[in-house]
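Participant: No letters, just coordinates:
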């Protein structure tokens, strides 16, 4: 029976995800744990670059936490690059700089200006590309404005990157969910990314698998220059993935580390921003393969939605048969496995299990988002980020 097959597929699929997650993260240390084992304080110089576009809600907190971090460093520079914001981003940054009496040589605020038309520039690549003009430090760190750094995050990152000789060290932040949409979608997305980009495989030197978390990327300045910086990925929507791939292509060393105790991020404010954010890059992460997009959307629907649909259907029909008992049993254990996956993320990554029972809605959103992402990327219709079109003219 097709119903039994789908119910069994849901259970086995979820069980596989739980097993792979446990296996992928078994023995994996966090940034602060690794740093605590390294008994030295680096004196390396660093330039911290924050690209910003209409970030008045985040920029004060972001800069304030950066200033706390650099207070324990010896040689640092902050560069805020404004990407033609039309809000108070720049004014807030200047106010904070004045409040803390920071010299403009240590805290530069730069206007990116209009994007040139000779190349296709998307996302934050144009703003980030300006960093090359000002790089004199040994390290360059790109941070998104919606990141909250905990004290010593930057120092710990430099320590670890120096010790392991990473050309690019990217830190995965703790997810902070504050709206219902994030609670039901982000944990599922996190599990899918963890499966698609296993952390141990990324960090294996002879592996070609590459991945980076765009909100926090620490480069050796010379390595960043060697791969051409953000200018070399000007048209890449998922620029963090593209840069990490370049690092490996050039035979350089890539590090990807969990930073649950070091930084956190709230990615989206509401459903609209979440839909725009994930739909802009989901299809690209699947190598622009329409078959992958369709199959993954179908698979997610079966894993997270089908068990709930089955239970509701049997309750409505009120038929007690052997088949229905089997279907109910498989559906309940599938839902329990959904709970176990969320429990794993709570214990491992401090992500509360709040609203776990709404996973079926999250699964539906992601399964439809996958198809929408393919349509947007291929057609260019409504393919935007922060209201800016990503379509190549």
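Facilitator: Cool, got the structure. This structure is a prediction, so every number in the text was calculated from the model and none was measured. Numbering: from 1, shown residues only.
Participant: going forward, measure contacts between C-alpha atoms and count neighbours the same way
Facilitator: Will do.
Participant: Could you name the helices and strands sitting against the longest helix seen in the chain?
Facilitator: In the chain, with assignment by DSSP state H, the single longest helix is helix 322-349. Helix 322-349 makes packing contacts with helix 2-25, helix 290-304, helix 306-317 when contacts are defined by 3 or more Cα pairs under 8 Å, 6 or more residues apart in numbering; DSSP states H and E.
Participant: I'd like those written out as JSON lines, with mean pLDDT, mean neighbour count and distance to residue 150 added.
Facilitator: Shown next, in JSON lines, are the helices and strands packed on helix 322-349 (pLDDT from 0 to 100; neighbours: other Cα atoms under 10 Å; distance: least, Cα to Cα, whole Å):
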{"stretch": "helix 2-25", "mean pLDDT": "95", "mean neighbour count": "18", "distance to residue 150": "23"}
{"stretch": "helix 290-304", "mean pLDDT": "96", "mean neighbour count": "20", "distance to residue 150": "34"}
{"stretch": "helix 306-317", "mean pLDDT": "92", "mean neighbour count": "16", "distance to residue 150": "40"}
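Participant: out of these, nearest to residue 137?
Facilitator: helix 2-25 (33.6 Å; Cα to Cα).
Participant: between the closest one and helix 290-304, how many degrees?
Facilitator: Angle between the axes of helix 2-25 and helix 290-304 is 100 degrees (criterion: axes from the mean of the first three to the mean of the last three Cα atoms, to 10 degrees).
Participant: what does the helix or strand where residue 51 lies contact?
Facilitator: Here residue 51, judged by DSSP states H and E, is contained in strand 46-52. Strand 46-52 has contacts (Cα atoms under 8 Å, 6 or more residues apart in numbering) with 75-83, 85, 89, 124, 127-128, 131, 135, 137-145.
Participant: ok, now stretch 322-342?
Facilitator: Outside stretch 322-342, the residues within contact range by Cα under 8 Å, 6+ apart are 3-4, 7-8, 10-11, 14-15, 17-18, 187, 303-304, 306-308, 310-311, 314, 351-353, 356-357, 359.
Participant: Pull up the per-residue confidence for residue 289.
Facilitator: pLDDT recorded at residue 289 is 94.
Participant: hang on, the earlier thing: report the strands that pair with the strand holding residue 51, each with its relative direction.
Facilitator: Partners of strand 46-52 in the sheet, by DSSP bridges, are strand 76-82 (parallel), strand 139-143 (parallel).
Participant: For the ones you listed, give me JSON lines that also has mean neighbour count, distance to residue 393 and mean pLDDT.
Facilitator: JSON lines is the format used below for the strands paired with strand 46-52 (neighbours: other Cα atoms under 10 Å; distance: least, Cα to Cα, whole Å; pLDDT from 0 to 100):
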{"stretch": "strand 76-82", "mean neighbour count": "22", "distance to residue 393": "24", "mean pLDDT": "96"}
{"stretch": "strand 139-143", "mean neighbour count": "23", "distance to residue 393": "28", "mean pLDDT": "97"}
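Participant: Now render those strands as JSON lines, adding distance to residue 62.
Facilitator: Formatted as JSON lines, these follow (distance: least, Cα to Cα, whole Å):
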{"stretch": "strand 76-82", "distance to residue 62": "11"}
{"stretch": "strand 139-143", "distance to residue 62": "9"}
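Participant: Which one of those lies nearest to residue 58?
Facilitator: strand 139-143 (12.1 Å).
Participant: helices and strands around the next helix or strand after that closest one, which ones?
Facilitator: Downstream of strand 139-143, the first helix or strand assigned by DSSP H and E is strand 147-149. Contact analysis of strand 147-149 by 3+ Cα pairs under 8 Å, 6+ apart lists helix 59-70, strand 254-265 as its packing neighbours.
Participant: Buried deepest among those, which one?
Facilitator: strand 254-265 (a mean of 22; mean count of other Cα atoms under 10 Å).
Participant: what does the domain assignment say about this protein?
Facilitator: 2-23+278-381, 27-177+197-267 (automatic domain parsing).
Participant: And the shortest one, end to end?
Facilitator: Which is domain 2-23+278-381. 37 Å (Cα to Cα, to the nearest Å).
Participant: related to what we said a few turns ago, can you state the direction angle for the longest helix of the chain and helix 2-25?
Facilitator: Using the same axes, to 10 degrees: helix 322-349 against helix 2-25 is 20 degrees.
Participant: Report the buried residues of helix 322-349.
Facilitator: Neighbour counts using 16 or more other Cα atoms under 10 Å place 324, 327-328, 330-335, 337-338, 340-345, 349 of helix 322-349 among the buried residues.
Participant: got the angle for it vs helix 306-317?
Facilitator: Using the same axes, to 10 degrees: helix 322-349 against helix 306-317 is 140 degrees.
Participant: Identify all contacting residues around the helix or strand following helix 322-349.
Facilitator: Sequence-wise, the next helix or strand downstream of helix 322-349 (DSSP H and E) is helix 359-379. The contact list for helix 359-379 (Cα under 8 Å, 6+ apart) reads 181, 184-185, 188, 275, 278-284, 288, 290, 293-294, 296-298, 300-301, 303-305, 308, 338, 381-383, 391.
Participant: Sweet, I'm off.
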